[in-house]
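Asker: structure, please.
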Amino acid sequence: MEIEKKFAYYRKERGLNLREVSRDIIAPSTLSRFEQGKTHLSAVTFVQLINRLQVNWEKFVPDLIDLHAHILDELKWFALAGNQSAITAAMTEFLTIGGIQENMDYADYCTLLLVHYFDVALSPTDQTVQRAMAQILDTPLWSAFTIAIAHELVALTPVISLSALLTENMAQLTRLTDNRRTLFTSGLADIQLDGILRLLRVGEYPAAQTAYEQFAGGDTQPPFLEGRLKQEIVRILLQAKSGESADFERVATILNSLQIMGAKEYLRSLVPLIQPLLTDAGMTTNLFDLPALYAAYGSHWRNP
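Answerer: Model (predicted):
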């Protein structure tokens, strides 16, 4: 059953009319159109309506999985697009709704995004990072939400804790079953590679090399082209840090290819991670305007 039809079923089952359910959230006519499949609702609005119905979230599985993924994707897109106000508004809504743990978790995720991408100084930041780290290290099998939190912690957790995060990330990779491999391999691979890049930026070469060897020696590699290209860049940067001859022409070719492919969102996440390392290594290229690439994609993400 489609999610809007499920919603209509549980609303009627509880004897609630459109006006009662939508009060102070959306117009009754909008809710009616949603139930008819004629319009879509934002993830935050749908969360509010589900809470109003007081329906067990498990009733919407597997649609609930899609909903969580949509919320996470939407919030991350806001971050990459530099839309600080949208993330702040979403955080305020989640805190206002309260009630269930998912809402508080999403509020924490918004906090991490604001600190990570916009360097916003929020008073509970340290507690949020500590709470998030404790949560992921104590979770035997990560979900899409846990992976999203871990991805932000790669940039925000103290460097002394980063190796522990990457070790647990590798443990999660080895625990993937066939039905979870397709869903989560890409996210876990990104966490590992981004963590290695951060270790390199702060001069922790031995730890970075160890984390890369653990990753490259496993049987789970990035499933998508972009991830494999990032792994190739990481390998070359490790060579450069070790004093070996590094193939920066290959790095330039990869970055040029990503620009030609129009992979703007991926470049927004990749370039800030590698820019300091490429600058330190004195990389130049004739394939494209390297300073222009840095200016377009490398200025909004905190480093190291």
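Asker: where does the stretch 101-250 of the chain dip in pLDDT?
Answerer: Along the stretch 101-250 of the chain, the model assigns pLDDT under 70 to residues 122-125, 219.
Asker: so for residue 32, what's the nearest residue that isn't a sequence neighbour?
Answerer: Leaving out its chain neighbours, the residue that sits closest to residue 32 by Cβ to Cβ, 6 or more residues apart in numbering is residue 18, at 5.5 Å. C-beta: built from backbone N, CA, C; applies to glycine.
Asker: and that neighbour, what does it touch?
Answerer: 11, 28, 31, 32, 35 (Cβ atoms under 8 Å, 6 or more residues apart in numbering).
Asker: try it again with 7 Å
Answerer: 28, 31, 32 (Cβ atoms under 7 Å, 6 or more residues apart in numbering).
Asker: and what of residue 48?
Answerer: 25, 97.
Asker: now it: which helix or strand?
Answerer: Assigned by DSSP states H and E, residue 48 falls within helix 43-53.
Asker: just the CA trace of that helix, in CSV.
Answerer: Extracted C-alpha coordinates of helix 43-53, given in CSV (Å, rounded to 0.1, in the frame of the first residue of the first chain):
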residue,chain,number,x,y,z
ALA,A,43,9.5,15.1,5.3
VAL,A,44,9.2,17.4,8.4
THR,A,45,5.5,18.0,7.7
PHE,A,46,4.9,14.2,7.3
VAL,A,47,6.6,13.6,10.7
GLN,A,48,4.3,16.1,12.4
LEU,A,49,1.2,14.5,10.9
ILE,A,50,2.3,11.0,11.9
ASN,A,51,2.9,12.2,15.4
ARG,A,52,-0.6,13.7,15.4
LEU,A,53,-2.1,10.4,14.4
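Asker: give the helix, strand or coil label for residue 244.
Answerer: Secondary structure, DSSP: H, G, I helix; E, B strand; the rest coil: residue 244 is coil.
Asker: and the longest helix seen in the chain, what's buried?
Answerer: Identified as the longest helix of the chain according to DSSP state H is helix 178-201. By neighbour count on 16 or more other Cβ atoms under 10 Å, the buried set for helix 178-201 is 184-201.
Asker: all helices of the stretch 201-304 of the chain, in order?
Answerer: 205-216, 225-242, 248-261, 264-280, 290-297 (DSSP state H, counting those that start in this stretch).
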